[in-house]
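**Student:** Using only what follows, build the 3D model:
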Amino acid sequence: MKLEGIKVLDLSLFLPGPHFTMMMADHGAEVISLEPPGGEPVRHVGLKQQGESVWFRNVFRGKKSINLNLKSAEGKAAFFKLCQSVDVMVEAFRPGVVDRLGIGYEDVKAVNPGIIYCAISAYGQTGPKRLSPAHDLSIQADSGAVSINEGPDGQPAQPAMPVADMAGSLMAFSGVLMAIIRKQQTGLGDYIDISMQDSLVAWYANVMGPSFAEQRSPVPKEERSWGGAAMYNIYKTADSQYLTLGGSELKFAYNLLTALCDDDAQRNELYECCKLPPGAKQSKVKDFFREKFISKSLAQWTEILANVDVCWAPVRDLHAAMQEAHLQQREMLLTDEKGNSHLGVPIKYKNEPAAPTFTLPKFSEHTKSTLLSIGYSENEIEEMLIKKAFLTE
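**Tutor:** So this is what the prediction gives:
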């Protein structure tokens, strides 16, 4: 696999770090998670399947679990000895914590000059907000994402997806892979400062028109991507289901209007409206679609639109969507030998494809074997356990 031979030490928790290091494990990296006392918090968050939380199962598969007391001399010594043999280290503490613990980049670099050290935080390692605590919702709110996630009542709505978490995760993944490639060329490691806010804001390329071009905040329901465009919108059907139109290209507008409107003059007028800026100038087209789509059930529209070259999709509930045949064929829903469900691997190589390992480690399951692998004797390990340099449960 692509990352075979890469060794990762992961001190991160929750979603951004654990998700991307799991993707590394899926593609062959050896990932060692250093869990705190009590374990990775998401072991205990949310619904469980056969005794393990679904969240934990989908960020922790294929990893090893160790525990080291970084406030003890013996635990810290073992940490640095382990750092000598790893390629990548990931941490997601608030800025300054690793330096207070004595395990910051310069400390680790001193024992492993080629280390790729990735630090993920809410606001980054610099700037006036760097010490502010924040999870996904706060970052989305602070970065303008919640304000454009407007509900039908005009009020900001709770975001359904943790886009700041996942943007940070994917940026960290990209940054680490680039650093690995560069290290192979130069032999040099690097320090990577990943801000979840930076990562989220970097995704704004297609929504910054009002802010950059007109120095104003967007009016969500009038903008192209959030309800202002007739051909990029959500419509209710006769059976209280919903469908979406998801492509504003004029060829799709022409195809759909040709299929739905028999009146040549009206069709031409509506088509011309689709050429106008989003917002009130497209209201006639939106009204036409609302009246049309409410006249038939979603099943009827599914049959009709199957023969029209237009971007559209039904609004499926999450469970139904995950059972859909296309995702099944794409192996994005996997089942292990015990019947547990896993999300699949989205990066699909023709050669050396991912081979996710579905085993989940018990807390600190691999501490002793990891210590043995870096040169500790059985007696030394037992002495460390007595001195509480690590926990086993």
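
**Student:** mind giving me the domain ranges of the protein?
**Tutor:** For the chain, automatic domain parsing gives the domain ranges 7-203+329-386, 220-236+242-314.

**Student:** okay, these in a markdown table with mean neighbour count and mean pLDDT next?
**Tutor:** For the C-beta atoms, the positions are set from N, CA and C on the backbone; glycine is no exception. Formatted as a markdown table, the domains of the chain follow (neighbours: other C-beta atoms under 10 Å; pLDDT from 0 to 100):
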| stretch | mean neighbour count | mean pLDDT |
| --- | --- | --- |
| domain 7-203+329-386 | 18 | 96 |
| domain 220-236+242-314 | 16 | 95 |
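
**Student:** Tell me which of those domains sits nearest to Ala320.
**Tutor:** domain 220-236+242-314 (9.1 Å; C-beta to C-beta).

**Student:** Please name the nearest non-neighbouring residue to Pro356.
**Tutor:** Using C-beta to C-beta, 6 or more residues apart in numbering and skipping residues adjacent in sequence, the residue nearest Pro356 is Asp26, 4.5 Å away.

**Student:** So the one you found sits against Phe358, correct?
**Tutor:** No: taking contacts as C-beta atoms under 8 Å, Asp26 lies outside contact range of Phe358: 10.5 Å.

**Student:** got any residues that touch both of those two?
**Tutor:** By the contact definition C-beta atoms under 8 Å, 6 or more residues apart in numbering, Asp26 and Phe358 are jointly contacted by 61-62.

**Student:** in what helix or strand does Gln184 lie?
**Tutor:** In this assignment (DSSP states H and E), Gln184 forms part of helix 163-186.

**Student:** Report all helices and strands that that helix contacts.
**Tutor:** helix 16-26, strand 88-91, strand 116-121, helix 136-142, strand 190-195, helix 196-201 (3 or more C-beta pairs under 8 Å, 6 or more residues apart in numbering; DSSP states H and E).

**Student:** Just the C-alpha atoms of that helix, please, in PDB.
**Tutor:** Provided in PDB are the C-alpha atoms of helix 163-186 (Å, rounded to 0.1, in the frame of the first residue of the first chain):
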ATOM      1  CA  VAL A 163     -17.000  21.100   8.200                       C
ATOM      2  CA  ALA A 164     -14.300  22.900  10.200                       C
ATOM      3  CA  ASP A 165     -13.300  19.600  11.800                       C
ATOM      4  CA  MET A 166     -13.200  17.800   8.400                       C
ATOM      5  CA  ALA A 167     -11.500  20.700   6.600                       C
ATOM      6  CA  GLY A 168      -8.800  20.700   9.200                       C
ATOM      7  CA  SER A 169      -8.500  16.900   9.000                       C
ATOM      8  CA  LEU A 170      -8.100  16.900   5.200                       C
ATOM      9  CA  MET A 171      -5.700  19.900   5.200                       C
ATOM     10  CA  ALA A 172      -3.500  18.100   7.800                       C
ATOM     11  CA  PHE A 173      -3.600  14.900   5.700                       C
ATOM     12  CA  SER A 174      -2.500  16.900   2.600                       C
ATOM     13  CA  GLY A 175       0.200  18.700   4.600                       C
ATOM     14  CA  VAL A 176       1.700  15.600   6.000                       C
ATOM     15  CA  LEU A 177       1.700  13.800   2.700                       C
ATOM     16  CA  MET A 178       3.500  16.800   1.000                       C
ATOM     17  CA  ALA A 179       6.000  16.800   3.900                       C
ATOM     18  CA  ILE A 180       6.700  13.100   3.500                       C
ATOM     19  CA  ILE A 181       7.400  13.600  -0.300                       C
ATOM     20  CA  ARG A 182       9.700  16.500   0.500                       C
ATOM     21  CA  LYS A 183      11.500  14.500   3.200                       C
ATOM     22  CA  GLN A 184      12.200  11.700   0.700                       C
ATOM     23  CA  GLN A 185      13.900  14.300  -1.500                       C
ATOM     24  CA  THR A 186      15.800  16.300   1.100                       C
END
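
**Student:** Mind listing residues that contact it?
**Tutor:** With C-beta under 8 Å, 6+ apart as the criterion, helix 163-186 contacts 6, 14-17, 19-20, 23-24, 87-88, 90, 114, 116, 118, 120, 135-136, 139-140, 143, 145, 188-190, 192, 194-200, 202-203.
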